[in-house]
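**Q** All I have is the shape, not the residue letters:
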């Protein structure tokens, strides 16, 4: 998945006439790429094209007549119809969730990565243990947290009131004021280890002698972090952030387990699912899918152009 | 009590023995246990293997599961239980049972048979009925000086408050009133009772959306103000399971639920309130009268089934008099065969079938939405859920009304 491009050496074929050998190699390269291109065509391009096509039709699960082309009507509905406010609030809810969780996961993940990167006793065990939340299937973890956060019988309210942190039990999931925080907490708990792991991989390729040289030059720990660790970690950070942002924008399972179909806690994916699977409106649902695709693509463009800027530096 | 034998089993075995069918069955209360017991008996007697798959407990999820299957003309299941409001939407995909079951259908309630007949085809057979009712703790009413269950919603909340305040001194987890407040089909059923019993209509009346009216707003705001006061705050995420758990563990004074919960509350193995509860018609609003939302489940045969005849024999057995009696006694479900209400064993096991609760006027969910039913119900329960979670009724109802109106046209 990761597409960190290596800078192309300046002497490309553009400046030299291509030799016979080069042409043969190019042909071979295409031949070798062909199978994977076909797979991409089949699993990515075809469904995408089909979805875009469906978004211009009135396809419906239980319709008895065949579906027909209705032009931009689905998109008009999405932007100005009675449901447009619901979709906008779902987009906003998802973006809020993404900013909060990715922000926390990055900061906490970086701290954890720095800690487990330093050498201490039991480091191997620590690295294995920290991955436990990530290893639990999301639906299972979400259900477990739902019980823990339960108003009447949940362990969190019980502990909170016993320790006098809470004056009375809270309905964390049902109250709109705490619902988003509750769901974010679960995602942060679950995904921080994954972020830490990616960043740890980035930390481990930074050569140790740079730090030794900095030590000799009398740089403090903090200076070492800002001048060596962070710049050299930048590619890993970017990849991590892209991964997490795209993942967070697609969030479905935690929200679905926690809130079902409640209107004010829908994410883009839940709204889309309820339109297609719940209402059976495939055409309109496809238009929603395309809109989500464009929103996510926007984030990708932002990240990739940011990446190009840092790569040029 | 044992699952009843299959009548005429030999003839069925000779014709269809060795075939295998899949049944999308129940998952609420003791429903799945019953399905497995009956299917096992049917298989043993007829040699037709029945695979029982419980459907999703939220009936809107069950609806979309079936809709997906019908859309692809799949033969992955043969028999499914369908909600009383679905025959209109699913009729084109269901086998006509009239030729084979038309004569036995006559013993079932005529109203339900009419509901299950679409365009002259009998697309489903009535299996069990459902209606909402109020469960209450007889011991607690006495303890706090009440000699009768509440008749109006405001009475209910007043009594709930007094009992809750008293009980919470010894049990922090005690609540006055629990109902199905999660954003799902169950909330549509609950809200219909609140609104119709207050004279606020049935969401859609005479082909027009009517939910946006002052009587509906008043009762919805009354409920909103009681969330977290006489109910658990988290009641807005309760489905049937959470509701009956709160009641049978002795943590609620009042509960709105379907009849299935009666057998759970009366079961000494899981209930702490055996002998301490009773049922009554649901309360009503000022100037209104009690109503109960019609629920109830039918058995339908998939038109794309590869073993339609065997499937119809299974439906014949499952909707027969002995099986309905078995279900009423073991699971406290409402029989769709009126004659059973006079059976002495049924009377003993299902006291809620007494006329006072069983003959309350019924309110019907807007089945005229047909294939758009799920969408319309979602508009209703999502809007009501927003009200329960703090928005004023007058700010939400106009939106629901215009969405429903758009679905009717």
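**A** Thanks, I have the structure now. Note that this is a predicted model, so its numbers are computed, not measured.
**Q** now the helices for the stretch 101-250 of chain B?
**A** For the stretch 101-250 of chain B, the helices defined by DSSP state H, counting those that start in this stretch cover B:110-115, B:138-143, B:153-168, B:185-196, B:214-226, B:240-248.
**Q** other SSEs contacting the fifth one?
**A** Think helix B:214-226. Judged by 3 or more CB pairs under 8 Å, 6 or more residues apart in numbering or on different chains; DSSP states H and E, the packing partners of helix B:214-226 are helix B:153-168, helix B:185-196, helix B:373-388, helix B:393-408. The way it works is simple: take the backbone N, C-alpha and C, and place the C-beta from them, glycine included.
**Q** rerun that using 6 Å as the cut-off
**A** Using 3 or more CB pairs under 6 Å, 6 or more residues apart in numbering or on different chains; DSSP states H and E, the elements in contact with helix B:214-226 are helix B:373-388, helix B:393-408.
**Q** Residues in contact with the last one: which ones?
**A** With contacts defined as CB atoms under 6 Å, 6 or more residues apart in numbering or on different chains, helix B:393-408 is touched by A:82, B:209, B:211-212, B:217, B:220-221, B:369, B:372, B:376, B:379, B:383, B:386-387.
**Q** Pull up the residues of the stretch 151-300 of chain B that are close to chain A.
**A** Residues of the stretch 151-300 of chain B found near chain A (CB under 6 Å from any CB of the partner chain) are B:173, B:183-184, B:232-234, B:236-237.
**Q** and if we set it to 8 Å?
**A** Contacts of the stretch 151-300 of chain B with chain A, taken as CB under 8 Å from any CB of the partner chain, map to B:172-173, B:175, B:182-184, B:228, B:232-237, B:246, B:251.
**Q** quick revisit: most tightly packed of the helices of the stretch 101-250 of chain B?
**A** Comparing the helices of the stretch 101-250 of chain B by mean neighbour count (mean count of other CB atoms under 10 Å in any protein chain shown), helix B:185-196 ranks first with a mean of 27.
**Q** Taking helix B:153-168 as reference, get the angle to it.
**A** Put simply, helix B:185-196 runs at 120 degrees to helix B:153-168, going by axes from the mean of the first three to the mean of the last three CA atoms, to 10 degrees.
**Q** Nearest to residue B:83, out of the helices of the stretch 101-250 of chain B?
**A** helix B:185-196 (7.9 Å; CB to CB).
**Q** What residues sit buried inside the top helix by length along chain A?
**A** For chain A, the longest helix by residue count, based on DSSP state H, is helix A:84-117. Within helix A:84-117, the residues that count as buried by 16 or more other CB atoms under 10 Å in any protein chain shown are A:86-87, A:90-91, A:93-95, A:97-98, A:100-102, A:104-106, A:108-110, A:112-114, A:116-117.
**Q** Setting aside sequence neighbours, what's the nearest residue to residue 95?
**A** If you meant another chain, say so; for now it's chain A. residue A:249 (7.8 Å; CB to CB, 6 or more residues apart in numbering or on different chains).
**Q** The chain in question should be chain B.
**A** residue B:301 (4.2 Å).
**Q** re the thing from before, by mean pLDDT, show me the worst of the helices of the stretch 101-250 of chain B.
**A** Confidence, taken as mean pLDDT, is least for helix B:110-115 of the helices of the stretch 101-250 of chain B (a mean of 89).
**Q** Looking at residue A:130 now. What's its pLDDT?
**A** In this model, residue A:130 is scored at 87, pLDDT.
**Q** Okay, the residue nearest to residue B:292 when sequence neighbours are not counted and residue B:230: tell me how far apart.
**A** Nearest non-adjacent residue to residue B:292, counting by CB to CB, 6+ apart: residue B:131, 3.8 Å away. Going from residue B:131 to residue B:230 by CB to CB, to the nearest Å gives 24 Å.
**Q** picking up where we left off before, who's the residue nearest to residue B:95 bridged to?
**A** When bridges are called by DSSP bridges, residue B:301 pairs up with residue B:79.
**Q** Tell me the residues of the stretch 51-200 of chain A that contact chain B?
**A** Residues of the stretch 51-200 of chain A lying close to chain B (CB under 8 Å from any CB) are A:60-64, A:82-83, A:150-153, A:169-171, A:173-176.
**Q** List the contacts of the residue of the stretch 201-350 of chain B at minimum distance from chain A.
**A** Nearest residue of the stretch 201-350 of chain B to chain A: residue B:233, at 3.5 Å (CB to the nearest CB). By CB atoms under 8 Å, 6 or more residues apart in numbering or on different chains, the residues touching residue B:233 are A:151, A:170-171, A:174-175, B:227.
**Q** Identify the residue nearest it in space, chain neighbours excluded?
**A** residue A:171 (3.5 Å).
**Q** Neighbours of the one you found, how many?
**A** Number of residues near residue A:171 (other CB atoms under 10 Å in any protein chain shown) recorded here: 23.
**Q** Just say helix, strand or coil for it.
**A** Classification of residue A:171 using DSSP: H, G, I helix; E, B strand; the rest coil returns coil.
**Q** Now do it, the pLDDT please.
**A** In this model, residue A:171 is scored at 92, pLDDT.
**Q** burial measure for the residue lying closest to residue A:93 once chain neighbours are set aside, as a count.
**A** Spatial nearest neighbour of residue A:93, chain neighbours left out: residue A:267 (5.8 Å); criterion: CB to CB, 6+ apart. When neighbours are defined as other CB under 10 Å, residue A:267 has 27 of them.
**Q** OK, contacts around residue A:267?
**A** Listed by CB under 8 Å, 6+ apart, the contact partners of residue A:267 are A:90, A:93-94, A:97, A:251-252, A:255.
**Q** now, the most widely separated pair of those residues?
**A** Largest separation among the contacts of residue A:267 by CB to CB: A:93 and A:252, giving 12.5 Å.
**Q** near chain B, which residues of the stretch 201-313 of chain A show up?
**A** Taking CB under 8 Å from any CB as the contact definition, the stretch 201-313 of chain A meets chain B at A:259-264, A:274, A:277-281.
**Q** can you list those in a markdown table and add pLDDT?
**A** Shown next, in a markdown table, are these (pLDDT from 0 to 100):
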| residue | pLDDT |
| --- | --- |
| A:259 | 92 |
| A:260 | 87 |
| A:261 | 87 |
| A:262 | 89 |
| A:263 | 86 |
| A:264 | 86 |
| A:274 | 91 |
| A:277 | 87 |
| A:278 | 86 |
| A:279 | 88 |
| A:280 | 88 |
| A:281 | 91 |
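**Q** Check whether residue B:52 sits in a helix, strand or coil.
**A** The three-state assignment at residue B:52 reads strand, by three-state DSSP.
**Q** Which elements pack onto the lowest-mean-pLDDT helix or strand in chain B?
**A** The helix or strand of chain B with the lowest confidence, counting by mean pLDDT, DSSP states H and E, is helix B:355-358 at a mean of 81. Counting contacts by 3+ CB pairs under 8 Å, 6+ apart, helix B:355-358 packs against strand B:277-280.
**Q** Against which helices or strands is the strand it packs on packed?
**A** Using 3+ CB pairs under 8 Å, 6+ apart, strand B:277-280 sits against strand B:133-137, helix B:355-358.
**Q** Contacts for it, please.
**A** The contact list for strand B:277-280, computed with CB under 8 Å, 6+ apart, reads B:133-138, B:149, B:247, B:262, B:265, B:351-352, B:356-357.
**Q** And for stretch B:193-212?
**A** Residues from elsewhere that reach stretch B:193-212 (CB under 8 Å, 6+ apart): B:132, B:153, B:192, B:213, B:215-216, B:218-220, B:223, B:256, B:282-293, B:363-366, B:368-369, B:376, B:380, B:397-398, B:400-402, B:404-405, B:408.
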